[in-house]
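S.K.: Turn this into a model:
(chains A, B, C and D, ligands or ions: 4)
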2 protein chains.
Amino acid sequence: MTGKLVAAELKRKGFKLTPQRRAIIGVISQSQEHLTPADIYAKLKAKHRGIGLVTVYRALNMLERSGMLCEVHIGDTCRSYLKRPSGHHHHLVCKGCGKVVDFSDCELDDLEQRVTQDTGFRIDRHLLEFLGRCPECQAGRRGKS
Amino acid sequence: MTGKLVAAELKRKGFKLTPQRRAIIGVISQSQEHLTPADIYAKLKAKHRGIGLVTVYRALNMLERSGMLCEVHIGDTCRSYLKRPSGHHHHLVCKGCGKVVDFSDCELDDLEQRVTQDTGFRIDRHLLEFLGRCPECQAGRRGKS
DNA sequence: GCCTAATTGAAAATGATTTTCATCCATAAC
DNA sequence: GTTATGGATGAAAATCATTTTCAATTAGGC
Ligand SMILES: [Mn+2]
Ligand SMILES: [Mn+2]
Ligand SMILES: [Zn+2]
Ligand SMILES: [Zn+2]
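M.R.: Numbers count the residues shown, from 1 in each chain, chains lettered A, B, ... in the order given. Ligands and ions are numbered 1, 2, ... in the order given. Here you go, the predicted model:
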């Protein structure tokens, strides 16, 4: 999901489009990794002038509530954000460089049905993530961007 | 995994078996839900005399490092703990009462292979959780234990 | 351009977790 | 059983993340 699209969506939902929000969305949209609020703040301070960390938190909450972000749980941290491609998908996370790749076919229906039969639970949603190493990190070239 | 077994395992690994640790392991082993450090502390204060919250944190870290606990990510919180049954397994979480049921067949090999082919990642591990409602909560009887 | 509600940022408040440090005690050695 | 000792404990302080407060600013509708 490109930054322009997110901005348009924001506007459509009646949120104001401030320079700060533009900048925050820009940082998230361009990153290949999942970013913590502090990560985003650090990247912003580098380029733009004083944006408050509070504003980053508020923007993230807003974007999350609007369904325009998603979280990553496996790996180090549980609160980190990513731009959200449209539709149901899951994450493949590189434990070397932090890169996150999306994939969309999960084919868990059979398993869900079996588990439902065994337990009587009604299943609403699932969390599926893979952790591994990307080709670059396997090749030896490593390090956080 | 029963409390006795965890205690034995602790001893085997060279940790001391204190009354506090016994109590903490007992609480975790008996619970059907995932518990936050504060949850555990609250349950302990009820029965035993002054155990420090710090000690709960320290015990949890130790147990986690030793692979005797597992986490639950889907739902409200990401820092909550459960007794760990031996072997690879996953969690089915009730969003009504918090009960957690384990299941062990995940059959993600095919999907992992496909994702590996598509992306070149080497996959080390996966996180899979289902969120839903247990039979009791579906029937209407709800509420945290 | 003006108005107004939404947004911002500094600071303070809150909440969770970790560190510090003096004291205690579980266990192994005698 | 006694003793020695390193690991464990708990209160308090320190740290770290996140939220709240509030006065000042501003985006977007008119
Ligand atoms: Mn899926
Ligand atoms: Mn599995
Ligand atoms: Zn990588
Ligand atoms: Zn339930």
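S.K.: What segments of chain A are strands?
M.R.: For chain A, the strands defined by DSSP state E occupy A:69-71, A:81-83, A:90-94, A:100-103, A:122-133.
S.K.: Mind checking the ones you listed for the one nearest to B:D124?
M.R.: For B:D124, the closest of those is strand A:122-133, at 5.0 Å, according to C-beta to C-beta. For glycine as for every other residue, the C-beta is placed from the backbone atoms N, C-alpha and C.
S.K.: The closest one to strand B:122-133, inter-axis angle?
M.R.: Per axes from the mean of the first three to the mean of the last three C-alpha atoms, to 10 degrees, the angle that strand A:122-133 makes with strand B:122-133 is 160 degrees.
S.K.: Report how many residues lie close to A:K11.
M.R.: A:K11 has 11 neighbouring residues, counting by other C-beta atoms under 10 Å in any protein chain shown.
S.K.: How about it: what's its closest non-neighbour residue?
M.R.: Nearest non-adjacent residue to A:K11, counting by C-beta to C-beta, 6 or more residues apart in numbering or on different chains: A:L17, 5.7 Å away.
S.K.: Verify the stated contact: A:V101 with A:H91.
M.R.: Yes - A:V101 is within contact range of A:H91, at 7.3 Å (criterion: C-beta atoms under 8 Å).
S.K.: Between those two, which is the more surrounded one?
M.R.: Taking neighbours as other C-beta under 10 Å, A:V101 and A:H91 compare with A:H91 leading, 22 against 18.
S.K.: quick one: that one from B:E71, how far?
M.R.: The gap separating A:H91 from B:E71 is 17 Å, by C-beta to C-beta, to the nearest Å.
S.K.: ok, A:L111 - how many residues close by?
M.R.: Burial of A:L111 is recorded as 20 neighbouring residues (other C-beta under 10 Å).
S.K.: now it, nearest residue through space, not along the chain?
M.R.: B:E107 (6.2 Å).
S.K.: Are stretch A:88-107 and ligand 3 in contact anywhere?
M.R.: Yes - using C-beta under 5 Å from the ion, stretch A:88-107 reaches ligand 3 at A:C94, A:G96, A:C97, A:K99.
S.K.: Where neighbours are concerned, which of those residues has the most?
M.R.: A:C94 (25 neighbours).
S.K.: how about the residue in chain A that ligand 4 sits nearest to, what does it touch?
M.R.: Using C-beta to the ion, the single residue of chain A nearest to ligand 4 is A:F121, 8.3 Å away. For A:F121, the contact set (C-beta atoms under 8 Å, 6 or more residues apart in numbering or on different chains) comprises A:V115, B:L92, B:C94, B:V101, B:F130, B:G132, B:R133, B:C134, B:P135.
S.K.: how about those residues, which pair is most distant?
M.R.: Among the contacts of A:F121, B:F130 and B:P135 lie farthest apart (C-beta to C-beta), at 14.5 Å.
S.K.: Now do the helix or strand of chain A with the lowest mean pLDDT: which elements does it pack against?
M.R.: Ranked by mean pLDDT, DSSP states H and E, the helix or strand of chain A with the weakest confidence is strand A:81-83, at a mean of 78. Strand A:81-83 sits against helix A:19-30, helix A:53-65, strand A:69-71, with contacts defined as 3 or more C-beta pairs under 8 Å, 6 or more residues apart in numbering or on different chains; DSSP states H and E.
S.K.: One more pass at 7 Å, please.
M.R.: Using 3 or more C-beta pairs under 7 Å, 6 or more residues apart in numbering or on different chains; DSSP states H and E as the contact test, the elements touching strand A:81-83 are helix A:19-30, strand A:69-71.
S.K.: on that earlier part again, which pair in the residues of stretch A:88-107 next to ligand 3 spans the largest distance?
M.R.: Every pair of the residues of stretch A:88-107 next to ligand 3 checked by C-beta to C-beta; the farthest is A:G96 and A:K99, at 8.2 Å.
S.K.: Please enumerate the shared neighbours of these two.
M.R.: A:C134 (C-beta atoms under 7 Å, 6 or more residues apart in numbering or on different chains).
S.K.: follow-up on the earlier one: and the contacts of A:F121, which of them are buried?
M.R.: A:V115, B:L92, B:C94, B:V101, B:F130, B:G132, B:R133, B:C134 (16 or more other C-beta atoms under 10 Å in any protein chain shown).
S.K.: Can you give me the pLDDT of the second one?
M.R.: B:L92 is assigned 94 on the pLDDT scale.
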